[in-house]
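Trainee: The following block contains a protein sequence and its predicted model.
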Amino acid sequence: MTHQTPNSPKIPIRLELPTGTGFGPVNAYLFPGPEPVLVDTGLKSEPCWSALLDGLARHNLTPADLHRVVITHPHVDHCGLANRLTAHSPADIWIADLGRPWLVNLPDRLLQRVEYYRRDLLPRWHFPPDLSRPILNQLAAVARACEAVPPERIRVFHPGDRLELGGQAWQVLHAPGHAWAQTCFYQPHSRQLLSADMLLARAPAPVLDRPGDAPHDRPALAYFLDSLAQVEQLDVDRVYPGHGPPFGDHRQVIQRQRARLEQRLSECLALVRAGHTTVPALLTRMYPGPPHLAGLWMLNGYLQLLAFRGLVREQDGRFQPV
Ligand SMILES: [Zn+2]
């Protein structure tokens, strides 16, 4: 239970929810008053739902008490329970206009993505069946971890808007990179940032969007670096991330993220120059152990950024040094 005086900044309360995946637990944030608002929901699973109910109950709340549910970005670990909440709550689901098309149609879109990987992407990249299978199974599991939200229960906000959370106005920032529709929420007076997956204390995983899902004039990691620069300029005392505990000193975390990114880019480029030109060969070297989606997404991010910088070129599904 929190004890806050009326003038103290309203601190979002972290509800850590189990995802049962290799990605680890995910955070939802609760603003219990003056109007209870939940930011993000966890993914569609019974353990996640029970943990969410327990978290609300610790603050004498149930889903029926929520006035709004706000989604930071339309990834299953952040919005998978949104539809279930609408069945137990009068709260509508709020998301950025950019994310709305995903929310109304999420399982279908994710199943289409499985098909795209199976028929197009993984064959083009010369994935052998034993490497494709676990990747496709993990993608299919992601598609099962969410439900579509009826359009009439969705409300949208826009970058630049202000959202009322805990009795304060938070600015909506568009911060693409991890996801094209990623938003963060910033409270300039109390200098708090709800960063979602845009800024984590650990390494992030940008997502491999299907063509057409995001603008492809620049790769996801180029947008991600711009988003880091955008957030770096803000005055922030406390960051509330989508995964892991809250932290301070966001500029140090950003510098670390940038340094790690450049380091991994160099490693990737060195491997390509050493003759490891297929994605499976690079994946097993950059991410030893059983193949996993986050590794593939990150590797794709590196390769696309190296291509954008003119250092590699994709030809017949192989990445050649330039
Ligand atoms: Zn996440």
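Mentor: Here it is on my side, so go on.

Trainee: Against residue 293, how distant is residue 222?
Mentor: 21 Å (C-beta to C-beta, to the nearest Å). Any C-beta I mention is one placed from the backbone N, CA and C, and that applies to glycine too.

Trainee: Stretch 42-59 and the ion, any residue contact?
Mentor: No - legend: contact between stretch 42-59 and the ion by C-beta under 5 Å from the ion is lacking; minimum distance shown is 9.2 Å.

Trainee: Next, the buried residues of that stretch.
Mentor: 42, 43, 44, 45, 48, 49, 51, 52, 55, 56, 59 (16 or more other C-beta atoms under 10 Å).

Trainee: confidence score at the residue lying closest to the last one once chain neighbours are set aside?
Mentor: Nearest non-adjacent residue to residue 59, counting by C-beta to C-beta, 6 or more residues apart in numbering: residue 32, 4.7 Å away. For residue 32, the model assigns a pLDDT of 94.

Trainee: Give me the neighbour count for residue 32.
Mentor: A count of neighbours around residue 32, defined by other C-beta atoms under 10 Å, yields 21.

Trainee: Strands of the stretch 1-150 of the chain, residue ranges please.
Mentor: 13-17, 26-31, 37-39, 68-70, 92-96 (DSSP state E, counting those that start in this stretch).

Trainee: so where is the chain shaky, pLDDT-wise?
Mentor: Where the chain drops to pLDDT under 70, the residues are 1-9, 204-205, 209-214.

Trainee: The ion contacts on that one?
Mentor: 77, 197, 242.

Trainee: so which of the residues you listed is the most crowded?
Mentor: Neighbour max across the residues of the chain next to the ion (other C-beta under 10 Å) = residue 77, 28 neighbours.

Trainee: Verify the stated contact: it with residue 19.
Mentor: Yes - counting by C-beta atoms under 8 Å, residue 19 is a contact partner of residue 77 at 5.4 Å.

Trainee: Pull up the overlap in contacts between these two.
Mentor: 26, 42, 43, 145 (C-beta atoms under 8 Å, 6 or more residues apart in numbering).

Trainee: Nearest to the ion, out of the residues you listed: which one, please.
Mentor: residue 26 (5.4 Å; C-beta to the ion).

Trainee: Go through this protein and flag its longest helix.
Mentor: Assignment by DSSP state H gives helix 250-273 as the longest helix of the chain.

Trainee: quick revisit: so of the residues of the chain next to the ion, which ones are in helices?
Mentor: Secondary structure from DSSP H places residue 77 of those in helices.

Trainee: so where do the helices sit in the stretch 1-150 of the chain?
Mentor: Remark: helices assigned in the stretch 1-150 of the chain by DSSP state H, counting those that start in this stretch are 46-57, 76-79, 82-88, 100-103, 106-116, 122-124, 129-144.

Trainee: name the helices or strands packed onto the shortest one?
Mentor: Contacts of helix 122-124 with other secondary structure elements, assessed using 3 or more C-beta pairs under 8 Å, 6 or more residues apart in numbering; DSSP states H and E, are made with helix 129-144.

Trainee: Residue 299 sits in which helix or strand?
Mentor: In the assignment (DSSP states H and E), residue 299 maps to helix 293-308.

Trainee: helix or strand right after that helix?
Mentor: strand 312-315.

Trainee: so how far is that following strand off the chain centroid?
Mentor: 28 Å (C-alpha atoms, centre = their mean, to the nearest Å).

Trainee: in that strand, what's buried?
Mentor: 312, 314.

Trainee: again, but for stretch 299-314
Mentor: For stretch 299-314, by 16+ other C-beta under 10 Å, it's 299, 300, 301, 302, 303, 304, 305, 306, 311, 312, 314.

Trainee: With stretch 267-286 instead?
Mentor: Quick answer for stretch 267-286 (16+ other C-beta under 10 Å): 268-269, 271-272, 276-283, 286.

Trainee: Provide the contact partners of that stretch at residue level.
Mentor: Outside stretch 267-286, the residues touching it (C-beta under 8 Å, 6+ apart) are 125-128, 131, 264, 291, 295-296, 298-300, 302-303, 306, 311-312, 317-321.

Trainee: Check the offset of that stretch from the chain's centre.
Mentor: 26 Å.

Trainee: can you check stretch 89-102 too?
Mentor: For stretch 89-102, the distance from its own C-alpha centre to the chain's C-alpha centre is 15 Å (C-alpha atoms, centre = their mean).

Trainee: Pull the residues that contact it.
Mentor: 38, 63-71, 73-74, 79, 82, 85-86, 103, 109, 149, 153-159, 163, 172, 174, 180-181, 183.

Trainee: let's go with 7 Å and repeat that
Mentor: With contacts defined as C-beta atoms under 7 Å, 6 or more residues apart in numbering, stretch 89-102 is touched by 63-64, 66-71, 73-74, 82, 85-86, 103, 109, 149, 153-159, 172, 180-181, 183.

Trainee: cool, and stretch 251-264?
Mentor: 199, 201, 203, 228, 231, 232, 247, 302.

Trainee: tell me the contacts of the closest residue to the ion within the stretch 1-150 of the chain?
Mentor: Among all residues of the stretch 1-150 of the chain, residue 77 sits closest to the ion, at 4.4 Å; criterion: C-beta to the ion. Residues in contact with residue 77 (C-beta under 7 Å, 6+ apart) are 19, 23, 26, 42, 43.
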